[in-house]
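*Asks:* when you get a sec, could you give me coordinates for this:
(one chain, ligands or ions: 1)
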Amino acid sequence: MSTVGHLINGARVDDATRTQDVYDPSTGEVGGQVALAGKATVEQAIAAAQDAFPAWRDTPPAKRARIMYRFKALLEQHADEICRLIGQEHGKIVHDARGELQRGIENIEYACGAPELLKGEYSKNTGPGIDSWSEFQPLGVVAGITPFNFPAMVPLWMYPAAIACGNTFVLKPSERDPSSTLYIAELALEAGLPPGVLNVVNGDKEAVDTLLDDSRVQAVSFVGSTPIAEAIYARASANGKRCQALGGAKNHAIVMPDADMDNVVSSLTGAAFGSSGERCMALSVAVAVGDEAADALIDKMQAQMKTLKVGPFHDADNDFGPVITRAHQEKVCGYIESAQQQGAEIVVDGRGVQVPGHENGFFVGGTLIDRVTPDMTCYLEEIFGPVLLVVRAGSMEEAMRLIDDHEYGNGTCIYTRDGEAARYFSDRIQVGMVGINVPLPVPVSYHSFGGWKRSLFGDLSAYGPDAVRFYTRRKTVTQRWPSTGVREGAQFSFPS
Ligand code: NAD
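*Replies:* Numbering: from 1, shown residues only. Take a look at the predicted model:
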């Protein structure tokens, strides 16, 4: 059985003092091990990144961009292998892994624009014979810590932009599905990244704490659950680092009485159950406005869910695969149980689903729960499983209040035929990413990605224009070249 190690200074490094099992969630069997880096290994990666920084900082952005073009081509060439690795350790269906990889590649395409993105700002004649400009200089060594649910895409939200901006990077991926992340990083080196520019250390809290406490690390990008995001933001900030920490979600869809219910049902099905609901943009709560809309939604949803196919990742006919671990499967089923005990109505129950030939896989079937109220545990917490809750509201204002009162503010959407209602909703709602008749309002690589409230700690979102800001610091230079030397005497007041 193989052990996934680390990638430091351009070479594979094994530090197998501590290891952890990596599962194939479709079978429930252990597929391999991952090495958990100790402090010394992480420090070795930071040192490699620190050493690589001066030359990389001075490499022209156009040359950095050329490596990104080659990196993109390599990912396209090796897409089948990458998606197999994602499926094997994460469990998502092959075509969903393809979609994830494509979204990741789009971030590399954005980074290919580095020369344009880093042009800075220039003003001629800010005073007589004086010109001023602002440059965006790289920070130095930057760290990224990523979650299990997008092992290819989320790391690609971070390091292509950071590296294209002239930083060097240490990535600490999820220890639960590390293989595709490491494989992709190796392709980045094959594309021409010099040793030390991108390093990967697998590990757990020990590796993360080392990154957060090391003064050579200038900035930290984190994506994961809210309690960890909050702790990471606090520790990185206390250590004087720039930090952005994206957390969990509870994304609501408002279903207005005038919505096209067939469209609602078909798009909610994909958005609630796709990838087993293990997406930070999964729509996990439908707020139906009026009992008539709620009853129609439940009827049609129930019928649609009869067609859902859950099964192993390699069968492209399946709609979604297993959840990540046995413990998570039990946690998701625990939320369904709690909903039942607290008075909600389980309309479709995904507990105990059997997948022939994969009886030990970590499967949970699509679940639909009606008459959920805002005080229930299943409503308050992120389930991160294929479970759709239906809450009944009396008005659009009441539905919006529910969303605004929730601790998370990652994504939301509204289904309606009324443009004015949609406009009012998108303008007022306290959520960072909004869809109008679009279930997963996931932006493209040239718009940044981030929630509000306890879904994001920090000021700047991930990727796109915000990433360029996050991974650079502004320096403003004011310049004057007198033709015959400085003739005037000293000036003590601002010139007016
Ligand atoms: P997680 O918080 O358990 O782990 C994320 C990372 O933090 C991993 O690399 C892990 O090794 C590390 N980590 C875990 N516990 C730690 C600790 N005590 N100290 C230091 N580091 C620690 O998250 P997960 O289960 O891997 O991912 C799912 C979560 O990520 C969900 O809550 C989901 O909503 C969220 N997520 C958010 C976004 C977003 O854009 N907001 C995107 C993807 C996932």
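*Asks:* just checking, residue 417 touches residue 260?
*Replies:* Yes. Between residue 417 and residue 260 there is a contact under CB atoms under 8 Å: 7.0 Å. In short, each C-beta sits where N, CA and C put it, glycine included.
*Asks:* what are the ranges of the strands in the stretch 51-200 of the chain?
*Replies:* Secondary structure of the stretch 51-200 of the chain (DSSP state E, counting those that start in this stretch): strands at 121-127, 130-138, 141-145, 168-172, 198-200.
*Asks:* and these as TSV, adding mean neighbour count and mean pLDDT?
*Replies:* Below are those laid out as TSV (neighbours: other CB atoms under 10 Å; pLDDT from 0 to 100):
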stretch	mean neighbour count	mean pLDDT
strand 121-127	11	96
strand 130-138	16	97
strand 141-145	28	98
strand 168-172	29	98
strand 198-200	29	98
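*Asks:* in JSON lines: these, plus distance to the ligand.
*Replies:* Formatted as JSON lines, those follow (distance: least, CB to the nearest ligand atom, whole Å):
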{"stretch": "strand 121-127", "distance to the ligand": "29"}
{"stretch": "strand 130-138", "distance to the ligand": "24"}
{"stretch": "strand 141-145", "distance to the ligand": "5"}
{"stretch": "strand 168-172", "distance to the ligand": "6"}
{"stretch": "strand 198-200", "distance to the ligand": "12"}
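*Asks:* now render these as CSV, adding distance to residue 440.
*Replies:* Below are the strands of the stretch 51-200 of the chain laid out as CSV (distance: least, CB to CB, whole Å):
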stretch, distance to residue 440
strand 121-127, 34
strand 130-138, 31
strand 141-145, 23
strand 168-172, 25
strand 198-200, 28
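*Asks:* so which bits of the stretch 101-250 of the chain are right by the ligand?
*Replies:* Residues of the stretch 101-250 of the chain lying close to the ligand by CB under 6 Å from any ligand atom are 145-150, 154, 172, 174-175, 204-205, 208, 223-225, 228, 246-249.
*Asks:* what's the neighbour count on residue 292?
*Replies:* Residue 292 is flanked by 10 other residues according to other CB atoms under 10 Å.
*Asks:* please list all residues in contact with it.
*Replies:* Taking CB atoms under 8 Å, 6 or more residues apart in numbering, we find residue 292 in contact with residue 257.
*Asks:* what does residue 314 give?
*Replies:* Applying CB under 8 Å, 6+ apart, we find residue 314 in contact with 26, 84, 87, 94.
*Asks:* residue of the stretch 51-200 of the chain with the smallest distance to the ligand?
*Replies:* residue 147 (3.0 Å; CB to the nearest ligand atom).
*Asks:* put the alpha carbons of stretch 134-142 into PDB.
*Replies:* C-alpha atoms of stretch 134-142 as PDB (Å, rounded to 0.1, in the frame of the first residue of the first chain):
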ATOM      1  CA  SER A 134       1.500  52.200  -7.600                       C
ATOM      2  CA  GLU A 135       3.100  48.800  -8.000                       C
ATOM      3  CA  PHE A 136       1.800  45.500  -6.700                       C
ATOM      4  CA  GLN A 137       4.700  43.700  -5.200                       C
ATOM      5  CA  PRO A 138       4.700  40.100  -4.100                       C
ATOM      6  CA  LEU A 139       4.600  39.300  -0.300                       C
ATOM      7  CA  GLY A 140       7.100  36.400  -0.100                       C
ATOM      8  CA  VAL A 141       6.300  33.000   1.200                       C
ATOM      9  CA  VAL A 142       2.500  32.400   1.200                       C
END
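*Asks:* for the buried ones among the residues of the stretch 101-250 of the chain next to the ligand, write the corresponding ChimeraX selection.
*Replies:* Filtering these down to the buried ones (16 or more other CB atoms under 10 Å) takes a single ChimeraX command:
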select :145,146,147,148,149,150,154,172,174,175,208,223,224,228,246,247,248,249
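*Asks:* and the residues of the stretch 101-250 of the chain next to the ligand, which of them are in helices?
*Replies:* Using DSSP state H, the subset of those located in helices is 154, 205, 208, 228.
*Asks:* so what's residue 450 closest to, chain neighbours aside?
*Replies:* Spatial nearest neighbour of residue 450, excluding adjacent residues (CB to CB, 6 or more residues apart in numbering): residue 461 at 2.8 Å.
*Asks:* circling back: ok, the contacts of residue 314 vs residue 191, which is closest?
*Replies:* residue 84 (20.6 Å; CB to CB).
*Asks:* what would the ones in helices among the residues of the stretch 101-250 of the chain next to the ligand look like in a markdown table with pLDDT?
*Replies:* What follows is these, written out as a markdown table (pLDDT from 0 to 100):
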| residue | pLDDT |
| --- | --- |
| 154 | 98 |
| 205 | 97 |
| 208 | 98 |
| 228 | 98 |
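*Asks:* what's the closest of the residues you listed to residue 30?
*Replies:* Lowest distance from residue 30 to these (CB to CB) belongs to residue 205, with 21.7 Å.
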